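Trainee: fold the following and give me the result.
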Amino acid sequence: MTPSSRDRISVDLHGLKAALFARAQATGSSPSELVRKAVAQSLGEPVSTTSEPHTPCFPGRNDERVRLGLRMQRDDAAALLAAARRVGLGTGDFVASLVSGVPVVLEGCGRGEHIAAITASSAELSTLSRDIHHLSNLLRNGDVVPALAYRDMLKTLDADIRRHLLLAAGVLAGLRPRSHAPQPSPTLKC
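Mentor: Below is the predicted model of the structure:
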């Protein structure tokens, strides 16, 4: 049998797996790296200084929330909490949004401001819809004179709807991680 360049073996840990994962997480290394170092030290071999890129192992479902501890200076921790509060997110969601590249968070805009803007625009669109419905009833009944009051509204209807759609697209793009947004859309300016 030709040995692999990675020299893999399987080891029965006899109940030590949880402790191994906890120690690896505490030291910021992978379980494999920790075992490799222990074996190298036991054999009197030099410990390899090259390490693989480490992604912490969080067993469980992908959609399950996990606890992650961060060590930072007190001032940095206060700034993190203040920034999360400013954009209306919990600390974990704020950090995850930064990592995901959510534009609203990266630009320091308030998530609430974006939501308020789209809510106000949607309310205007709803009023516009009621006006069009009322105009339609007037025209159906042959009430031309009262219907003429809606003439100016009809002149700007196309622009009003386009403005709302651009705002909605910008808000949604601002709330979505960059990895999901193929191209920048017009966004609400902070």
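Trainee: closest to the centroid, which residue in the protein?
Mentor: Compute the mean C-alpha point of the chain, and by CA atoms, centre = their mean the closest residue is Ser97, 3.7 Å away.
Trainee: distance check, the nearest residue to it once chain neighbours are set aside against Ala120.
Mentor: Spatially, and ignoring its direct neighbours in sequence, Ser97 is nearest to Val105 (4.1 Å; CB to CB, 6 or more residues apart in numbering). All C-beta atoms are positioned from the backbone trio N, CA, C, and that covers glycine. Separation of Val105 from Ala120 (CB to CB, to the nearest Å) stands at 21 Å.
Trainee: for the helix or strand of the chain with the lowest mean pLDDT, packing partners?
Mentor: When the helices and strands of the chain are scored by mean pLDDT, DSSP states H and E, helix 103-106 comes last with a mean of 71. Here helix 103-106 touches helix 91-100, helix 111-140, helix 151-175, going by 3 or more CB pairs under 8 Å, 6 or more residues apart in numbering; DSSP states H and E.
Trainee: in TSV: the ones you listed, plus mean pLDDT and distance to Ala78.
Mentor: Below are these laid out as TSV (pLDDT from 0 to 100; distance: least, CB to CB, whole Å):
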stretch	mean pLDDT	distance to Ala78
helix 91-100	84	11
helix 111-140	86	20
helix 151-175	83	26
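Trainee: reformat those as JSON lines; add distance to Ser32.
Mentor: As requested, the helices and strands packed on helix 103-106 are exported to JSON lines (distance: least, CB to CB, whole Å):
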{"stretch": "helix 91-100", "distance to Ser32": "24"}
{"stretch": "helix 111-140", "distance to Ser32": "39"}
{"stretch": "helix 151-175", "distance to Ser32": "38"}
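Trainee: out of these, nearest to Asp75?
Mentor: Closest approach to Asp75 among the helices and strands packed on helix 103-106 (CB to CB): helix 91-100, 15.5 Å.
Trainee: and the closest one, how far out from the chain middle?
Mentor: 6 Å (CA atoms, centre = their mean, to the nearest Å).
Trainee: list the buried residues of that helix.
Mentor: By neighbour count on 16 or more other CB atoms under 10 Å, the buried set for helix 91-100 is Asp93, Phe94, Val95, Ala96, Ser97.
Trainee: again with stretch 7-27
Mentor: Quick answer for stretch 7-27 (16+ other CB under 10 Å): Phe21, Ala24, Gln25.
Trainee: now do the end-to-end distance for it.
Mentor: Start and end residues of stretch 7-27 are separated by 24 Å (CA to CA, to the nearest Å).
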